[in-house]
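Asks: please work out how this folds:
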Amino acid sequence: MTTPQDPMVHVIDHPLVQHKLTLMRDKGASTTSFRTLLNELSMLMAYEVTRDMPMQDVQIETPLETMTAKVIDGKKLALVSILRAGTGILDGFLSVVPGARVGHIGLYRDPATLKAVEYYFKMPKEMPERDVVVVDPMLATGHSAIAAITRIKVLNPKSIKFVCLLTCPEGVKALREAHPDVPIYTAAIDRQLNSHGYILPGLGDAGDRIFGTQ
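Replies: Down below sits the predicted model:
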C-alpha cells in the first residue's frame, strides 16, 4: 500500500512479508536464519516492486498450438546493491529476475558525521536503457541512499526505485526531499532514529546480522 501522506512511499504489508520481518527482528535469530529470512522476504518484495515492469510479446509453441505471450526483459533491469548489506536483498531479487544486470556502490558511514563515504562504484553498461532498483536493508539517516542515487543519476537511467526492509520518518523525509522522483518501497516505517543513527525498534545492524560480524 502507499502511505496516505505520500503516494511515492510504498509499504509492502503482505502478511508473509510482515511475518518474516518479525522473525528477523528477534535478536535470538541466528545468522543462518536471518540470511534465509532475508532472502525469502526479498523475493516477496521483488514481486511488488516489479509489478509495473514493461512487457513485450513473443511467439511461443505450447504443446497444442502457437500463441503470443508476454515476457519481461530482465536484461533491461539493473539491480544496484549498496555494499555491504545490500547483497542480502540483491540475492532474493536475482532469484525472481535472474536476467537482471547488477551494479555495486560501496559506501560506509562516517561514525562522527554519519555521512556516507564512497569507496567503490561499478555499474552495468548502457544505463540510459535500464530501469534501476537500488537495494539496501535500512533507510535510516538516508545519507547512503541519497549519495548512491545521486551518483546513479549521473548515468541517466530510465527510472530509479529504492527498496529497503526498514525505514523511519527521518529517513523517508531525507530521501524524499533529496530525490522526490524516486519511489520508496519498504516493509515497515519504524518509530524513529536513536542518537547513533539506528532505527528503533529496528532489527540492529543488518550487515552484522547477515555476515555474523560485530
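
Asks: could you use CA atoms for every contact and neighbour count after this?
Replies: Will do.

Asks: relative to Asp57, how far out is the residue sitting furthest away from the middle of the chain?
Replies: Distance from the centre of the chain peaks at Leu64, with 40.3 Å (CA atoms, centre = their mean). Between Leu64 and Asp57 the distance, using CA to CA, to the nearest Å, works out to 19 Å.

Asks: residue contacts, Leu155?
Replies: Met127, Pro128 (CA atoms under 8 Å, 6 or more residues apart in numbering).

Asks: oops, could you answer that again for Ile12 instead?
Replies: Neighbours of Ile12 in contact, by CA under 8 Å, 6+ apart: Met1, Met45, Glu48, Tyr185, Thr186, Ala187, Ala188.

Asks: wasn't Asp57 part of a helix?
Replies: No: counting by DSSP: H, G, I helix; E, B strand; the rest coil, Asp57 is not part of a helix but strand.

Asks: wait, doesn't it sit right on Asp73?
Replies: No: at 10.5 Å, Asp57 and Asp73 do not qualify as touching, with contact defined as CA atoms under 8 Å.

Asks: looking at the two, which one has more neighbours?
Replies: Asp73 (14 against 11; other CA atoms under 10 Å).

Asks: Val102 versus the more buried one, what's the distance?
Replies: 14 Å.

Asks: same check on Arg130?
Replies: In terms of CA to CA, Arg130 sits 11 Å off from Val102.

Asks: what do you get for Val134?
Replies: 10 Å.
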